[in-house]
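Chemist: no sequence on hand, only this structure:
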């Protein structure tokens, strides 16, 4: 029995202005980003640059193979950071707002953001990447001035980017139901019942 052609041509009902497939993508991407964007894990991420540069600085002692391997291991660590904090952390502190704003920027293909925020974030990202590249070059060339200058500029660019992300969060926090859910901290019903009892 042939299917109803009208049903096959029907478009999926949009949720909050988004195609359900995009909503599913946002949910999966949000879960993947959670372990990176938890505020406590940002301090772990901040250690990435020193962990990346140190082996390169000592490459004469370690050899290029081990220096490169240890630097790549530091980069890989970003993706296996343990979940120090469980579940959503809410959006009460400045750091929490910055992390949620970063996720909103990464989701801009599905939930558009004002172009001003995107341009600022992109410019700071480019500055940060160029600074990291300069720091890496300084480490491999044993030029401590270039290495430290690049590292400092990279951290300053990231810090400035976090200010942009906080402003983006404040602007977009009610733009979509998914963004509203990011601010909710899950509550264990069982624990509430035990307290009530």
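Modeler: Yep, that arrived. Since we're looking at a predicted model, the values are computed, not measured.
Chemist: who touches residue 122 in this structure?
Modeler: Listed by C-beta atoms under 8 Å, 6 or more residues apart in numbering, residue 122 has no contact partners. All C-beta spots, glycine's among them, are computed from the backbone N, C-alpha and C.
Chemist: quick check: pLDDT value at it.
Modeler: Predicted confidence (pLDDT) at residue 122: the value is 95.
Chemist: what does residue 64 give?
Modeler: 87.
Chemist: ok, residue 191 next?
Modeler: 49.
Chemist: and the longest helix along the chain, what other elements does it pack with?
Modeler: In the chain, with assignment by DSSP state H, the single longest helix is helix 144-172. On a contact count with 3 or more C-beta pairs under 8 Å, 6 or more residues apart in numbering; DSSP states H and E, helix 144-172 meets helix 48-57, helix 94-106, helix 115-140.
Chemist: as a whole number, average confidence for the second one?
Modeler: In this model, helix 94-106 has an average pLDDT of 86.
Chemist: the inter-axis angle of that helix versus helix 115-140?
Modeler: Going by axes from the mean of the first three to the mean of the last three C-alpha atoms, to 10 degrees, helix 94-106 is angled at 100 degrees with respect to helix 115-140.
Chemist: quick revisit: reformat the helices and strands packed on helix 144-172 as TSV; add distance to residue 168.
Modeler: TSV is the format used below for the helices and strands packed on helix 144-172 (distance: least, C-beta to C-beta, whole Å):
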stretch	distance to residue 168
helix 48-57	23
helix 94-106	4
helix 115-140	5
